[in-house]
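> Sequence first, predicted coordinates after that:
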Amino acid sequence: MPVALTPTTIYRSDAAVVSHVDLTSDTGREAAAFAWLDEREQSRRERFLHPRPRRQFTLCRAALRSALCRALRCSNDELSFGTSAYGKPFALVGGVPASTDFNVSHSGRHGLIAVAPKRRIGVDVEVRSPRRDIDGDIRLLFSPEERARLNEANGRRRLELFWSLWTMKEALLKALGTGLSRDTTGFTIPPATSFGDGRVDFRFPDMPATRWQLQALDDTRFVAAVALEIPTPSVPDSIGQNEPDTGGSGT
Amino acid sequence: MSATEDRMVELAKRHLNLDRDLNLDAGLADSDVSSADAVSFIKRCAEEFNVAIPPEAVRGIKNMRDLAHYIDARAG
Ligand SMILES: CC(C)(COP(=O)(O)OP(=O)(O)OC[C@H]1O[C@@H](n2cnc3c(N)ncnc32)[C@H](O)[C@@H]1OP(=O)(O)O)[C@@H](O)C(=O)NCCC(=O)NCCS
């Protein structure tokens, strides 16, 4: 992988690594990234209608390939992707599903790649874009308790809390694998105050056996969160596991 | 363009930060719309047309035209 495409680590624990990918427009980097994609990914790239999502996909997917080749000790040619029933991609090495989970997210010029061996992981990044109708969005997207918290905040603090809660929700839904096929108003992100460092424990109300750790990864450029499954000795709740779709492979 | 599609385009102009005309055959992500905008837009359409669009249905709605068809099939 050319050095210019190599992601930068922004979070590392025993269980997971999250890296940042620079998605700034750059023809040379995009051409180098394009060469790393397989045929399916190259044709998917061609189907994007607008330059920014096309660039985000190309640069992020090439950087993801690089990160996974390292984590799975395989060559780029051996690596391919399938998708779970709800669309979450998973890695295959030589056609065999890998036990390492990963997730990617992109917003503006920022891409994040999260990789976790043996645990489900989800990540979300959002640039702090202003809302046209933040009151309406709060009503439509958040649970009653979150709405109360958001309505107590004002101005910039409110916008910050909006994106913070949203990225945590989306990271959880992406870790679970359902994406936005699950109602975002139906569960509540607990306040982070008990940990003081933006880290919270979470359980979905209808899946109490599975615990998740939520970690805020905000910096001056973006708001972001990663959700990581916490292993429990008991059998985990089955909803949202990454069973392959009958369609098999995807991009 | 159908009457439903027309009204959706109007809603999109009011609520989405689009720097170009809405392409009805594009997914919202492909139109550079954030997921928060996409979800709140779909919910606003549900309210505008008085149609229930449960989250499970969102997965099958790939683009704006699908959304218009979904609404037309259920609107009273
Ligand atoms: C998938 C989804 C969670 C992504 O949210 P987003 O904020 O738009 O995009 P992000 O940049 O955070 O994440 C995109 C990545 O999530 C991953 N992803 C896709 N489906 C996923 C799922 N069900 N679970 C976890 N991750 C998923 C993909 O890797 C994708 O990146 P890639 O296509 O470049 O590989 C959300 O868009 C969704 O649920 N969409 C399905 C329904 C839909 O979009 N309908 C359109 C109606 S007009």
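On my side now, so go ahead.

> Which strand residues bridge A:Ala116?
On the basis of DSSP bridges, A:Ala116 is bridged to A:Asp101.

> That one contacts A:Ala16, doesn't it?
Yes - the criterion here is C-beta atoms under 8 Å, and A:Ala116 meets it with A:Ala16 at 4.1 Å. The C-beta positions use only the backbone N, C-alpha and C, and glycine is treated the same way.

> overlap in contacts of these two?
The overlap between the contact sets of A:Ala116 and A:Ala16 (C-beta atoms under 8 Å, 6 or more residues apart in numbering or on different chains) consists of A:Leu228.

> What is the subsequent helix or strand relative to the one helix or strand B:Thr4 maps to?
Here B:Thr4 sits within helix B:3-15, counting by DSSP states H and E. Scanning forward in sequence from helix B:3-15 by DSSP H and E, the next helix or strand is helix B:35-49.

> Contacts made by that following helix with the rest, please.
Helix B:35-49 has contacts (C-beta under 8 Å, 6+ apart) with A:124, A:126, A:136-137, A:140-141, A:166, A:170, A:180, A:184, B:4, B:7-8, B:11-12, B:15-17, B:28-29, B:33, B:51-53, B:58, B:61, B:67, B:71, B:75.

> Buried only: go through these for me.
Neighbour counting over the contacts of helix B:35-49 (16 or more other C-beta atoms under 10 Å in any protein chain shown) leaves A:124, A:126, A:137, A:140-141, A:166, A:170, A:180, A:184, B:4, B:7-8, B:11-12, B:15-16, B:28, B:33, B:51, B:53, B:58, B:61, B:67, B:71 as the buried ones.

> what number of residues lie near B:Met1?
The burial count assigned to B:Met1 is 11, neighbours taken as other C-beta atoms under 10 Å in any protein chain shown.

> In the stretch 151-251 of chain A, what residue lies closest to the ligand?
Shortest the stretch 151-251 of chain A-to-the ligand distance, computed as C-beta to the nearest ligand atom: residue-wise this is A:Gly179, at 2.8 Å.

> ok so, going back, near chain A, anything from the helix holding B:Thr4?
Yes - for helix B:3-15, a contact with chain A is found by C-beta under 8 Å from any C-beta of the partner chain, at B:Arg14, B:His15.

> could I get that helix in CSV with only the CA atoms?
Provided in CSV are the C-alpha atoms of helix B:3-15 (Å, rounded to 0.1, in the frame of the first residue of the first chain):
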residue,chain,number,x,y,z
ALA,B,3,-47.3,14.3,-7.5
THR,B,4,-45.7,12.4,-4.6
GLU,B,5,-42.2,12.9,-6.1
ASP,B,6,-42.9,16.6,-6.6
ARG,B,7,-43.8,17.0,-2.9
MET,B,8,-40.8,15.0,-1.8
VAL,B,9,-38.5,17.2,-3.9
GLU,B,10,-40.1,20.3,-2.1
LEU,B,11,-39.5,18.6,1.3
ALA,B,12,-35.9,17.8,0.4
LYS,B,13,-35.3,21.5,-0.6
ARG,B,14,-36.6,22.6,2.7
HIS,B,15,-34.8,20.0,4.9
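
> mean confidence score for that helix?
On average, the pLDDT along helix B:3-15 is 90.

> The closest residue to the ligand within chain B and A:Val200, how far apart?
Residue nearest to the ligand within chain B (C-beta to the nearest ligand atom): B:Ser35, separated by 3.2 Å. According to C-beta to C-beta, to the nearest Å, B:Ser35 and A:Val200 sit 21 Å apart.
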